[in-house]
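K.L.:
What follows is a predicted structure for the sequence shown.
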Amino acid sequence: MKKTLVSAMFFIIALGCNAQGFKWNSAYQTYIDQYKDLAIEQMKRYKIPASITLAQGLFESGAGRSRLATQSNNHFGIKCHGWGGRKVYHDDDADNECFRAYDNVYDSYEDHSRFLTGQSRYARLFRYDPTDYKRWARGLKECGYATNPRYADKLIGIIELYGLYKFDTASKYDKFIAKHSSQDRPAKPGGKLHLIYIYNDNYYIVARLGDTFKSIGKEIGISYRKIAKYNERDKNDPIVPGERIYLKKKRTKAERKYKGYRHTVKQSESMYSIAQTYGIRLKSLYKKNDLSPEYNIRVGDRLRVY
């Protein structure tokens, strides 16, 4: 693998540099939140440090925003050598070079793991301590993964700035996020996939213009009928941009920090919008406040949510 000039420039712009090192960047943190569980899953199966997988994915794909990532789901810059699948072409060390293309991000991560475990030139990496991310980063450069002379330093810098090393000792991971944040989510040329957020022991996306339960279900890989049911809606209901759409059945009460708290109803709020805000079931909100579904809430009402 060889680093592209475009990817290197993207990295400098995205992270920024100062005299002390790299600057924290929200796009990188978002990527980490999205794919850390997938990286841990790969580590459990292939013995590649999760910190290394994440750092490479961040650097090679510009936090998932490079053209190769958005149009081909290729997060690791792997070229076509020995590849029989779909291909795309980009200028790299030479013009119009061949790169591997994947149906989804999960396949990119899986192929990256197989790429490292299946080639003899990377065999010595697996003799290193799995928590020794510095040796792994330098070993990748020495084994020829990239031509950038500072490749190892870049990976180490990312790992240390974002504390990715803590994932190398993870004993468990969120299997739902590992699967649904990356699998069965086809690349959208010129578009962006929804980010999956975690809240109140649940997962949600923020709806955009044009979203339907069917389009969300197809992208995430969950039955759209189930998603509508989880949100206490009809499967054909229109979705308003900006609203939360939960991906699992909501809880009966808000997060523990809201114990004893009362929500003050604001203008334009409804019982449903309040239930969605706290990630709780609508009928539970009525029950907690001894209200019937026929009750019309008023601005200033104070409601229990826990």
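P.N.:
Thanks, I have the structure now. Just so it is clear, the structure is predicted and the values come from calculations on it, not from any experiment. Numbers count the residues shown, from 1 in each chain.
K.L.:
Only C-alpha atoms from now on, for both contacts and neighbour counts.
P.N.:
Will do.
K.L.:
buried set for the helix or strand containing Asp107?
P.N.:
Using DSSP states H and E, Asp107 falls within helix 105-117. Of all the residues in helix 105-117, those buried under the rule 16 or more other CA atoms under 10 Å are Val105, Tyr106, Asp107, Ser108, Tyr109, Glu110, Asp111, His112, Ser113, Leu116, Thr117.
K.L.:
neighbouring contacts of the helix or strand following it?
P.N.:
Per DSSP H and E, the first helix or strand lying C-terminal to helix 105-117 is helix 133-142. For helix 133-142, the external contacting residues (CA atoms under 8 Å, 6 or more residues apart in numbering) are 49, 51-52, 122, 125, 128, 146-147, 149, 151-153, 155-156, 165.
K.L.:
can you dump the C-alpha coordinates of the helix holding Asp107 into PDB?
P.N.:
Listed next in PDB are the C-alpha coordinates belonging to helix 105-117 (Å, rounded to 0.1, in the frame of the first residue of the first chain):
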ATOM      1  CA  VAL A 105     -17.600  -0.700   5.400                       C
ATOM      2  CA  TYR A 106     -17.700  -4.000   7.200                       C
ATOM      3  CA  ASP A 107     -16.200  -5.700   4.100                       C
ATOM      4  CA  SER A 108     -13.400  -3.100   4.000                       C
ATOM      5  CA  TYR A 109     -12.400  -3.800   7.600                       C
ATOM      6  CA  GLU A 110     -12.700  -7.600   7.000                       C
ATOM      7  CA  ASP A 111     -10.500  -7.400   3.900                       C
ATOM      8  CA  HIS A 112      -7.900  -5.300   5.800                       C
ATOM      9  CA  SER A 113      -7.600  -7.900   8.500                       C
ATOM     10  CA  ARG A 114      -7.300 -10.700   5.900                       C
ATOM     11  CA  PHE A 115      -4.800  -8.600   3.900                       C
ATOM     12  CA  LEU A 116      -2.500  -8.400   6.900                       C
ATOM     13  CA  THR A 117      -3.000 -12.000   8.100                       C
END
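K.L.:
and Arg100, what does it touch?
P.N.:
Ser72, Asn74, Ile78, Lys79, Cys80, Trp83, Gly85, Arg86, Lys87, Val88.
K.L.:
could you redo the last one with a cut-off of 7 Å?
P.N.:
Counting by CA atoms under 7 Å, 6 or more residues apart in numbering, Arg100 touches Asn74, Ile78, Lys79, Cys80, Arg86, Lys87, Val88.
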